[in-house]
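**Q** Give me a 3D structure for the following:
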Amino acid sequence: MYLIPDLKQIESYKSIAVLTSGGDSPGMNAAIRAIVRTANHFNIEVTGIQRGYFGLLERAYVPLNAENVCNLIQRGGTTLMSARCLEFHQRETREQAVTNLREAGIEALIVIGGDGSLTGARLMEKEFGFPVIGLPGTIDNDIYGTEVCIGFDTALNTAVTAVDRIRDCANSNEHFHIVECMGRNSGALAVHTGIATSAELILIPEAPWDMEEVCHRLYQLRKSDRATSGIIVVAEGGNTGVSYEIQHQLSELGVDSLVTILGHIQRGGTPSPNDRLLASALGNAAIHYLMAGYSDVMVGVERGRTVASDLADVISHRQSLNDSTLKLVSELKPWF
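**A** Next up, the predicted model:
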């Protein structure tokens, strides 16, 4: 379990709010539950904001209490629902959101989401002095200031289970299978999936690769009978259709392959025990950091303990794969 620092209480809040924004990730509900139960322990009322930042503008408020969050921890998605709000890029929209919160008697806001969501929180504090705490919720696992994000472990388990089943088919039918993982511009999910499933090849944005060279080597392997089947894990990397392009070029060389885009099954489903524990610790810690006078920070985990990082640093950096992970991928490759 994660160690939560013993922080001295210097602030007294009566009412706070919580929202989830951007892409949903398994464990968000567990974080909401922990926030509500911890806040209630300290006699703080919690309001849920539905549909992310849209809810701030529409005053889509719902009271949260220990009773109505009691059956959340095992549920995927987010009970508060989520959305991407392009209008929040405008300063006057953010000002209206803060005005709405203050008129409702809400004194602070906890935002669960990725870098875009955390940027919105940062601007609310910077421009209008509204207290905010961020929590990292994304399966991409690309948020600076934390070793792991809410949802990543569940998404990894989902992807690994899928690839294990696909390999059965690959071996039976002697095909190369190209499996594409989510992750935007991060290869974290693809790398961990590839290592855990002994993929023959892992293609990620962090390690540049040449399409023609990759396809030619796969062709040589197939021609030499050194490999009659195999798994190629590809990170989406913001390159729409990259998996089908690999398949097309292999087909031009006479190599049969099949493509599986894992897609949104990676974002859904019951959160893993690890994600439930992580989200519970972060939700609890968020309340403690608020009461200790913290604002404009994201609460993450490092070396088994919760830590607070300035949101300015979080949104100006990107969590990248470390050199040891990339080295491991390189040394475990069977042929390349």
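**Q** and residue 306, backbone torsions?
**A** phi -80, psi 140 (degrees, to the nearest 10).
**Q** thought it was touching residue 1?
**A** No. Between residue 306 and residue 1 there is no contact under Cβ atoms under 8 Å: 10.7 Å. Every C-beta, even on glycine, is put in place using the N, C-alpha and C of the backbone.
**Q** The two: who's more crowded?
**A** residue 306 (22 against 8; other Cβ atoms under 10 Å).
**Q** so is the spatially closest residue to the more buried one that is not a sequence neighbour in a helix, a strand, or just coil?
**A** Counting by Cβ to Cβ, 6 or more residues apart in numbering, residue 285 is the residue found nearest to residue 306 once chain neighbours are left out, at 4.1 Å. Following DSSP: H, G, I helix; E, B strand; the rest coil, residue 285 is assigned to helix.
**Q** Would you check that residue 285 makes contact with residue 298?
**A** No. Here residue 285 lies out of contact with residue 298, judged by Cβ under 8 Å, at a distance of 10.9 Å.
**Q** Low-confidence bits of the stretch 201-336 of the chain, can you list those?
**A** 238, 240, 334-336 (pLDDT under 70).
**Q** Can you identify each of the helices in it by residue range?
**A** 211-224, 242-252, 273-291, 311-316, 323-332 (DSSP state H, counting those that start in this stretch).
**Q** And the longest one, what's buried?
**A** Spelled out, that is helix 273-291. 275-291 (16 or more other Cβ atoms under 10 Å).
**Q** do the same with the shortest one
**A** Neighbour-count burial for helix 311-316, with 16+ other Cβ under 10 Å as criterion, is recorded at 311, 314, 315.
**Q** The last one too?
**A** Across helix 323-332, burial judged by 16+ other Cβ under 10 Å covers 325, 326, 329.
**Q** which strands and helices sit next to it?
**A** Here helix 323-332 touches helix 188-196, going by 3 or more Cβ pairs under 8 Å, 6 or more residues apart in numbering; DSSP states H and E.
**Q** Report the inter-axis angle for the helix it packs on versus helix 323-332.
**A** If you take axes from the mean of the first three to the mean of the last three Cα atoms, to 10 degrees, helix 188-196 sits at 40 degrees to helix 323-332.
**Q** Show me what helix 188-196 is in contact with.
**A** 139-142, 152, 155-156, 159-160, 163, 179, 181-183, 199, 201-204, 231, 233-235, 266, 319, 321, 325, 328-329, 332 (Cβ atoms under 8 Å, 6 or more residues apart in numbering).
**Q** check contacts around the most centrally placed residue in the chain.
**A** Residue closest to the average C-alpha location in the chain (Cα atoms, centre = their mean): residue 138, at 1.3 Å. Contacts for residue 138 (Cβ under 8 Å, 6+ apart) come out as 22, 23, 25, 113, 114, 115, 149, 150, 151, 152.
**Q** Can you report how many residues neighbour the residue lying closest to residue 221 once chain neighbours are set aside?
**A** Of all residues not flanking residue 221 in the chain, residue 227 sits nearest, at 4.5 Å (Cβ to Cβ, 6+ apart). Applying other Cβ under 10 Å, we find 15 residues neighbouring residue 227.
**Q** Might one say that residue 10 is in contact with residue 290?
**A** No. Residue 10 is beyond contact range of residue 290, at 10.4 Å (criterion: Cβ under 8 Å).
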